[in-house]
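Student: Model the following, please.
(one chain, ligands or ions: 3)
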Amino acid sequence: MAEKVIINVKKLKKYFPVRGGLMSSFGSGKEQKFVHAVDNISFTIKQGEVFSLVGESGCGKTTTGRLLTRLEDPTSGHIYFHKRDIANLEGKDLKSFRRNVQMIFQDPYESLNPRLTVFSTVAEPLLVHHVGDTIDEREDLVAKALEAAELKPAMEYLHRYPHELSGGQRQRVAIARALALRPEFIVADEPVSMLDVSIRAGILNLLLDLKAKYGIPYLFITHDLSVARYMSDRIGVMYLGTIVETGESEKVIKNPHHPYTRALLSSVPVPDPDYKRERKKIKGDLPSPINVPKGCRFYPRCIFAKKGICDRKDPPVVEVEPGHFVKCHFAADIPAMDGKADEEMEEKVELGEQLLQETMNSAGNDEEEIEFV
Ligand SMILES: Nc1ncnc2c1ncn2[C@@H]1O[C@H](COP(=O)(O)OP(=O)(O)OP(=O)(O)O)[C@@H](O)[C@H]1O
Ligand code: SF4
Ligand SMILES: [Mg+2]
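Tutor: Ligands and ions are numbered 1, 2, ... in the order given. Presented below is the predicted three-dimensional model:
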């Protein structure tokens, strides 16, 4: 794997002010409250690498993706793109940066304008960035992007509308639109979670093929650890706005150290009706990102928490093996403390692999056919 760092995120934060309408704190003397959506995260993404962010709903995955594509302005911190800090770009500089990064969204039904044909949809970013002088030139670029997204022959798709396409085809159009400007970096936010299981593998394999062909690095966002493992070189586990564990995918999945990662892994679905081992539950619900717990954020839910330490001090980031980092006061000790669960987890990882393999084997029935109307 090439080592050139394309994205280098440092101490990135995004706080959203809590709006309370008439109850707003403005002028009321009350302290303004904030949603700590992304709270001091750092990571890198290298050329040709897929870095996945995984974690529960509301932990800050999408906000991170939107910050990296500068659809959101950071509260503080740095986002180096090819060593240039793009965190505070504005105007022309921001527009020119946006040409190099693209985002693929979760829901192809929502992300495509129902009134635009496939041609207009894919050509839109070309027009915005003044790429292609004539309509013929743009048609050629659109056709190339559609074929790269495996919508072949492109001519058959150019004049169709979203409602004339299947879910998988729609997501391929969204991918073609992202590819049209030949981006240097792509954020894919849960790109298959709204699609039928039978067509997911085709889209995931397409994204991997594009990575192999063009060396495009991705930030891949998913709540599904099996998908993260299949797709990524490295994984970052997010919890309540922070990254609690990061490392090569196999290391994080096979040798998780953070109690939250271990609990997430033990809840990976198992395709065996006779498999009735008790799942390790995480205590309680995700705390509010407005009033984040003091000390370790996982403290109120952690079965290993030690009072007087975990509830007081923010845990350090510890390198438990080369390139594998864990934010926990007891990072090195957790696997031993949790020894009994190791066997169970190994078995679950194996069964999870079978499930993944079955999903991937169904890649053949990629697209459900939709009739022209
Ligand atoms: N524009 C906004 N204004 C206020 N709060 C926001 C805004 N966008 C996100 N949030 C809050 O920030 C937190 C992180 O949200 P985000 O969408 O990044 O989570 P996520 O990990 O992508 O969740 P999901 O898996 O459900 O997509 C949540 O508490 C969310 O309610
Ligand atoms: S620091 Fe303490 S509370 Fe936080 S994950 Fe580690 S053991 Fe649990
Ligand atoms: Mg999201």
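Student: what are the ranges of the helices in the chain?
Tutor: Using DSSP state H, the helices found in the chain span residues 61-68, 91-98, 108-111, 118-128, 135-148, 167-179, 197-214, 225-231, 249-254, 259-266, 334-337, 339-361.
Student: Make JSON lines from the ones you listed and add mean pLDDT, distance to residue 312 and mean neighbour count to it.
Tutor: Where C-beta positions appear, they are placed from N, C-alpha and C, glycine not excepted. Shown next, in JSON lines, are the helices of the chain (pLDDT from 0 to 100; distance: least, CB to CB, whole Å; neighbours: other CB atoms under 10 Å):
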{"stretch": "helix 61-68", "mean pLDDT": "98", "distance to residue 312": "27", "mean neighbour count": "23"}
{"stretch": "helix 91-98", "mean pLDDT": "93", "distance to residue 312": "41", "mean neighbour count": "12"}
{"stretch": "helix 108-111", "mean pLDDT": "82", "distance to residue 312": "44", "mean neighbour count": "16"}
{"stretch": "helix 118-128", "mean pLDDT": "95", "distance to residue 312": "49", "mean neighbour count": "19"}
{"stretch": "helix 135-148", "mean pLDDT": "95", "distance to residue 312": "53", "mean neighbour count": "18"}
{"stretch": "helix 167-179", "mean pLDDT": "94", "distance to residue 312": "45", "mean neighbour count": "24"}
{"stretch": "helix 197-214", "mean pLDDT": "92", "distance to residue 312": "42", "mean neighbour count": "18"}
{"stretch": "helix 225-231", "mean pLDDT": "92", "distance to residue 312": "30", "mean neighbour count": "23"}
{"stretch": "helix 249-254", "mean pLDDT": "93", "distance to residue 312": "27", "mean neighbour count": "19"}
{"stretch": "helix 259-266", "mean pLDDT": "89", "distance to residue 312": "17", "mean neighbour count": "23"}
{"stretch": "helix 334-337", "mean pLDDT": "80", "distance to residue 312": "19", "mean neighbour count": "14"}
{"stretch": "helix 339-361", "mean pLDDT": "54", "distance to residue 312": "27", "mean neighbour count": "14"}
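Student: Residue 13: which of the ones you listed is closest?
Tutor: Nearest to residue 13, of all the helices of the chain, is helix 61-68, at 9.2 Å by CB to CB.
Student: what sits up against that closest one?
Tutor: By CB atoms under 8 Å, 6 or more residues apart in numbering, the surrounding residues in contact with helix 61-68 are 7, 9, 12, 14, 37-38, 41, 53-55, 72, 74, 79, 101, 103, 185, 187, 189, 219, 221, 223, 238.
Student: near ligand 2, which residues of the stretch 201-350 of the chain show up?
Tutor: Where the stretch 201-350 of the chain comes near ligand 2, counting by CB under 6 Å from any ligand atom, the residues are 259, 296, 298, 299, 302, 304, 305, 310, 315, 328, 329, 330.
Student: How about the contacts made by the third one?
Tutor: For residue 298, the contact set (CB under 8 Å, 6+ apart) comprises 239, 240, 244, 258, 259, 260, 305.
Student: residues in the stretch 201-350 of the chain within reach of ligand 1, list them.
Tutor: Proximity of the stretch 201-350 of the chain to ligand 1 (CB under 6 Å from any ligand atom) is limited to residues 223, 289.
Student: Would you point out which residue of the stretch 151-300 of the chain is nearest ligand 2?
Tutor: Nearest residue of the stretch 151-300 of the chain to ligand 2, counting by CB to the nearest ligand atom: residue 296, 3.1 Å away.
Student: Now do that residue, the pLDDT please.
Tutor: Residue 296 is assigned 96 on the pLDDT scale.
Student: thought it was touching residue 312?
Tutor: No: counting by CB atoms under 8 Å, residue 296 sits too far from residue 312 to count as a contact (9.0 Å).
Student: what do the two both touch?
Tutor: In contact with both residue 296 and residue 312: no residue, using CB under 8 Å, 6+ apart.
Student: For the protein, which residue occupies the most central location?
Tutor: Centroid check for the chain by CA atoms, centre = their mean gives residue 221 as the closest residue, at 1.3 Å.
Student: Narrow the contacts of residue 298 to those that are buried.
Tutor: Among the contacts of residue 298, those scoring as buried are 239, 240, 244, 258, 259, 260, 305 (criterion: 16 or more other CB atoms under 10 Å).
Student: can you put the residues you listed in TSV and add distance to residue 337?
Tutor: As requested, the buried ones among the contacts of residue 298 are exported to TSV (distance: CB to CB, whole Å):
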residue	distance to residue 337
239	19
240	22
244	16
258	12
259	9
260	14
305	11
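Student: Pipe the helices of the chain into TSV and attach distance to residue 287 per row.
Tutor: Below are those laid out as TSV (distance: least, CB to CB, whole Å):
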stretch	distance to residue 287
helix 61-68	17
helix 91-98	34
helix 108-111	29
helix 118-128	39
helix 135-148	43
helix 167-179	34
helix 197-214	31
helix 225-231	22
helix 249-254	23
helix 259-266	12
helix 334-337	21
helix 339-361	24
